[in-house]
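A.B. asks: For reference, the sequence and a predicted model appear below.
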Amino acid sequence: MTPKVAVVILNWNGSKLLQEFLPSVIRHSGPMAEVIVADNGSTDNSIEVLNAQFPSVRIIRNSTNKGFTGGYNEALKYVSAEYFVLLNSDVEVTPNWIEPIIAMMDADKTIGACQPKVLSYHNKDRFEYAGAGGGFIDHLGYPFCRGRIFNDIEIDTHQYDDSIPVFWATGACMFVRADVYNQLEGLDEQFFAHMEEIDLCWRMQLNGFSVYYCGQSTVYHVGGGTLAKNNPRKTYLNFRNNLLMIYKNAGEKRSSILLKRRFFDLIAAIKFLITNGKEDALAVMKAHRDFRKMRVNYSDKTLQRPPKTRPLTIYKRSLLWDYYLCNRKKFTALPKND
């Protein structure tokens, strides 16, 4: 019998994380879900641990490390379910984490993806950087969340226990309708990792689907399991993939947005040079260089805006202006879109 939900954890040399976090996933996923580990060519003892300690978990083995994007795309070819849950290996789930989201998506077939409330594993009264209370972007493509703007992270006082449409759902714990994922050909493998979930959610909305946050479901995320937040490689991927995402999805506005981004990202590089050292600054410059090389890989057909475009939940003001010049550090302090 085909399960309704497939919880798919992508693993690469994460034996210790599997031993720590997989038990909660198995314990709280219930009868409607199959738990699967997609191993991305690990060279540690992940497979031995899974076979010995978690015999109920199905294993899909990718031959090499294909990154977050390629790893999931390859593994999900062998998964049959109505819903996929893309779950990081460093996430602790809680009782009833699946049911509220599935009920919401069952009731509204236009919802393509949804995320739970994401709190910090190490500071459980605070939101976690990757996803928090649901993701948004401003009109220049800078991402932020309810509960987290840049590096300012809010305490959870149940201010985001609602369920609302958002712009993007976190890849740390993303519920996605399987037929929509397949229709859109999954994650963009040129991204390798980082920003790929925002790109997917943008494409969903361009194709007539919505993205939601469900505050009745909670998970706890360690974060930084692949690359530390202040890693130059992560800086490079975030900036490069953000530019690719804008180029792909922003339609006729992309040229003006990208021109402005060259200016603001230069300022970011200078700030990195002063505060973090030259590695992060060079990563930003390399991201712009490689973006210009990679954008030719997207055909005119890829860049065409589909006719089913939904109204996008994009913040119309400048997040940089509001954060740095107006000192608006919380989502609730941001002016509402007109």
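C.D. replies: Nice, I can see it.
A.B. asks: domain parsing for this structure?
C.D. replies: Listed domain ranges for the chain are 6-221, 232-306 (source: automatic domain parsing).
A.B. asks: Which of those sits closest to Thr332?
C.D. replies: When these are ranked by distance to Thr332, counting by CB to CB, first place goes to domain 6-221 at 7.1 Å. All C-beta spots, glycine's among them, are computed from the backbone N, C-alpha and C.
A.B. asks: can I assume Lys117 is in contact with Cys173?
C.D. replies: No: contact status for Lys117 versus Cys173: not in contact, 9.6 Å apart, counting by CB atoms under 8 Å.
A.B. asks: Name the residues contacting each of the two.
C.D. replies: Here Lys117 and Cys173 have Val219 as joint contacts, going by CB atoms under 8 Å, 6 or more residues apart in numbering.
A.B. asks: Any idea which of the domains of the chain has the lowest pLDDT on average?
C.D. replies: In terms of average pLDDT, domain 232-306 trails the rest of the domains of the chain, at a mean of 92.
A.B. asks: how far is it from where the chain is centred?
C.D. replies: A distance of 18 Å separates the centroid of the chain from that of domain 232-306, by CA atoms, centre = their mean, to the nearest Å.
A.B. asks: And Gly277, how close does it get to Phe264?
C.D. replies: Separation of Gly277 from Phe264 (CB to CB, to the nearest Å): 20 Å.
A.B. asks: sorry, that was for Glu48
C.D. replies: Look at Glu48 and Phe264: by CB to CB, they are 48 Å apart.
A.B. asks: Point me to the helix or strand that includes the residue lying closest to Phe209 once chain neighbours are set aside.
C.D. replies: The shortest distance from Phe209 to any residue that is not its chain neighbour, by CB to CB, 6 or more residues apart in numbering, is 3.2 Å, and that residue is Gly112. Under the criterion DSSP states H and E, the helix or strand holding Gly112 is strand 111-120.
A.B. asks: What's the first helix or strand after that strand?
C.D. replies: Elements were assigned by DSSP H and E; along the chain past strand 111-120, the next helix or strand is strand 135-137.
A.B. asks: Next, the buried residues of that next one.
C.D. replies: Gly135, Phe136, Ile137 (16 or more other CB atoms under 10 Å).
A.B. asks: quick one: contacts of that strand?
C.D. replies: So strand 135-137 is in contact with 115, 143-146, 166-170, 198, 201, 313-315, going by CB under 8 Å, 6+ apart.
A.B. asks: Stretch 147-154 too?
C.D. replies: Taking CB under 8 Å, 6+ apart as the criterion, the residues outside stretch 147-154 that touch it are 120, 126-129, 132-133, 144, 156, 160, 319, 323, 328-331, 334.
A.B. asks: cool, and stretch 12-27?
C.D. replies: When contacts are taken as CB under 8 Å, 6+ apart, the neighbours of stretch 12-27 outside the stretch itself are 7, 9, 11, 35, 37, 39-46, 49-50, 53-54, 56-57, 65, 71, 87, 89-94, 222, 225-226.
A.B. asks: go again using 7 Å as the cut-off
C.D. replies: Outside of stretch 12-27, the residues that reach it under the criterion CB atoms under 7 Å, 6 or more residues apart in numbering are 7, 11, 35, 37, 40-46, 49-50, 53-54, 56-57, 65, 87, 89-93, 225.
A.B. asks: other SSEs contacting the helix or strand hosting Phe84?
C.D. replies: Using DSSP H and E, Phe84 sits in strand 83-87. Taking 3 or more CB pairs under 7 Å, 6 or more residues apart in numbering; DSSP states H and E as the contact definition, the neighbouring helices and strands of strand 83-87 are strand 5-11, strand 173-177, helix 178-183.
A.B. asks: got the angle between the strand ranked longest in the chain and strand 173-177?
C.D. replies: Using DSSP state E to assign secondary structure, the strand with the most residues in the chain is strand 210-221. Between the axes of strand 210-221 and strand 173-177, defined by axes from the mean of the first three to the mean of the last three CA atoms, to 10 degrees, the angle is 150 degrees.
A.B. asks: shift numbering so it begins at 10
C.D. replies: Will do, 10 is the new start, and the previous item becomes strand 219-230.
A.B. asks: What is the distance between strand 219-230 and the centre of its chain?
C.D. replies: Its chain's average C-alpha position is 12 Å from that of strand 219-230, according to CA atoms, centre = their mean.
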